[in-house]
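Colleague: Fold the following for me, if possible:
(chains A and B)
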Amino acid sequence: MKAQDLRTCLVLAAPVMLAYVSIGIPCGVIEAQAGLTPLMALLLSATYYSGAGQFMVGGMWLSGIPVVSILLSVSLVTTRQLLYSAAFAPYLGAERRGKSLAFAALVTDETFGVNLSQFSAREGWDLAHAQAVNVVCMLSWALANYLGAALGTVLELPTDVMSFGMTAIFICLLVSQLTDGVTGFAAAVAASTVALCKLLGFDGAAVFVGALAGVASGVVVGEVHAR
Amino acid sequence: MSRETFLGLWLSLLAVMLTCRCLPLLLLRGRELPERVERALSLIPAAAFAALVANDLVKPDVYAANPTAALPVALASAVVLVVARKSGSLLWCAISGMAAYALLGVLL
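Modeller: Predicted coordinates:
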């Protein structure tokens, strides 16, 4: 990869890296409180690599919830990754299987948005570019977690403000996807379904169920609209 | 958390995560997909991001205990929405969102 290509990837990844550092440090602090060493936090962040999942693990462990319940709850939240992986399939058909899987293993909510928009809009965006975005974002997350775990309870951080940075990124990515009435309808159904799930107390699977409901309703409305 | 507990939890979480991240791609890549499936795949980003936004903003327990807690969240989200429409920049959205949320948290 040329230096200019790497610069392009870094520019695209910069907002996500900034958010990951903001959120990764408090996440590491919680992990340290849960008894993880900085190296454990680094290992977890570089491989499992999930903000929501890692916050849940630390928080639930500190609340005294059994390991099996933690595993089941966090696994439910992880199910949305099934949809991200499926969405990349049309763009990676010609790539080598190993490289495609190495890329898929590092996809998060944020890098999914950045890379999918580049695959669909930018000429010449390929697996190498996408993986470069993934790797620099993962490194920023893992190192921020390590730092947070090393600093431990010394830090007092405004976690709610920092986590709103991630929400802001999701809002921006959502706005970029609302290209017509059908995507708008799918988004509205997805959001409403999540709200309903949370009101009914089904928090764990809310995102996955909401996204599925949005996609299904969008397909139906699109077909009705096309007739 | 002991080292053994961490190892068990980490390996289990990693197995679930890698399955979710890799299996659909492994099964679908390189195949001629029906038109309806392609349409469904194209709707995933909008639906997924709407679901993630709603998941972050809708907190029934928090708002039931303190209804005014929803105000800074709603106003800061509106600020981000305007910035997203005007600039389309993830960086500016993150910065303006955190600044608005912090400021509104102090003011309200």
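Colleague: What residues of the helix or strand encompassing residue B:102 count as buried?
Modeller: Using DSSP states H and E, residue B:102 falls within helix B:90-107. Buried residues in helix B:90-107, counting neighbours by 16 or more other CB atoms under 10 Å in any protein chain shown, are found at B:90-102, B:104-105. C-beta here means a position set from N, CA and C on the backbone, and glycine is covered the same way.
Colleague: That one near chain A anywhere?
Modeller: Yes: Helix B:90-107 lies within reach of chain A by CB under 8 Å from any CB of the partner chain, at B:90-91, B:93-98, B:101-102, B:105.
Colleague: Can you lay out the residues you listed as CSV showing pLDDT?
Modeller: Formatted as CSV, the residues of helix B:90-107 next to chain A follow (pLDDT from 0 to 100):
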residue, pLDDT
B:90, 75
B:91, 76
B:93, 87
B:94, 81
B:95, 85
B:96, 92
B:97, 92
B:98, 87
B:101, 93
B:102, 92
B:105, 88
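Colleague: Now residue A:137: which helix or strand?
Modeller: Judged by DSSP H and E, residue A:137 forms part of helix A:127-151.
Colleague: roughly how far out does that helix sit from the chain middle?
Modeller: Relative to the chain's own centre, helix A:127-151 is displaced by 12 Å; criterion: CA atoms, centre = their mean, to the nearest Å.
Colleague: for the record, mean pLDDT for it?
Modeller: Average pLDDT, helix A:127-151: 94.
Colleague: Who are the packing partners of it?
Modeller: helix A:3-33, helix A:38-47, helix A:97-104, helix A:109-121 (3 or more CB pairs under 8 Å, 6 or more residues apart in numbering or on different chains; DSSP states H and E).
Colleague: among the ones you listed, which is nearest chain B?
Modeller: Chain B lies closest to helix A:3-33 among the helices and strands packed on helix A:127-151, at 3.5 Å (CB to the nearest CB).
Colleague: Check what pLDDT the residue nearest to residue B:20 when sequence neighbours are not counted gets.
Modeller: Counting by CB to CB, 6 or more residues apart in numbering or on different chains, residue A:81 is the residue found nearest to residue B:20 once chain neighbours are left out, at 3.9 Å. For residue A:81, the pLDDT comes out at 86.
Colleague: Also residue A:159?
Modeller: pLDDT, residue A:159: 69.
Colleague: what do you get for residue A:224?
Modeller: At residue A:224, pLDDT is 88.
Colleague: buried residues in the helix holding residue A:137?
Modeller: A:127, A:129-138, A:140-150.
Colleague: Please name the residues that touch residue 62.
Modeller: Answering for chain A, as no chain was given. Listed by CB atoms under 8 Å, 6 or more residues apart in numbering or on different chains, the contact set of residue A:62 reads A:30, A:33-34.
Colleague: nope, chain B
Modeller: Residue B:62 is in contact with residue B:69, counting by CB under 8 Å, 6+ apart.
Colleague: any idea how far residue A:116 is from it?
Modeller: The spacing between residue B:62 and residue A:116, counted by CB to CB, to the nearest Å, is 31 Å.
Colleague: and what of residue A:164?
Modeller: Counting by CB to CB, the gap from residue A:164 to residue A:116 is 23 Å.
Colleague: More neighbours: which of the two?
Modeller: residue A:164 (29 against 22; other CB atoms under 10 Å in any protein chain shown).
Colleague: Helix B:90-107 and whatever helix or strand that one lives in, what's the angle between them?
Modeller: Assigned by DSSP H and E, residue A:164 belongs to helix A:159-177. For helix A:159-177 against helix B:90-107, the angle between stretch directions is 140 degrees (axes from the mean of the first three to the mean of the last three CA atoms, to 10 degrees).
Colleague: what about helix A:159-177 and chain B, touching?
Modeller: Yes: Helix A:159-177 reaches chain B (CB under 8 Å from any CB) through A:160-177.
Colleague: Show me what the helix holding residue B:102 is packed against.
Modeller: By 3+ CB pairs under 8 Å, 6+ apart, helix B:90-107 packs against helix A:3-33, helix A:159-177, helix B:70-87.
Colleague: got a list of contacts for that helix?
Modeller: A:14-16, A:18-19, A:22, A:114, A:158, A:160-162, A:164-169, A:171-173, B:71-73, B:75-77, B:79-80, B:83-84, B:87.
Colleague: Tell me where the longest helix sits in chain B.
Modeller: helix B:3-28 (DSSP state H).
Colleague: Chain neighbours aside, what residue packs nearest to the most centrally placed residue in chain A?
Modeller: Nearest to the geometric centre of chain A sits residue A:109, at 2.3 Å (CA atoms, centre = their mean). Of all residues not flanking residue A:109 in the chain, residue B:52 sits nearest, at 5.9 Å (CB to CB, 6+ apart).
Colleague: which of the helices and strands packed on helix B:90-107 is buried the deepest?
Modeller: helix A:159-177 (a mean of 24; mean count of other CB atoms under 10 Å in any protein chain shown).
Colleague: According to the record, where do the domains of the chain fall?
Modeller: As the question left the chain open, I've gone with chain A. Taking automatic domain parsing as the reference, chain A has its domains at A:3-177, A:179-227.
Colleague: Switch to chain B, please.
Modeller: If you go by automatic domain parsing, chain B breaks into B:1-31, B:45-107.
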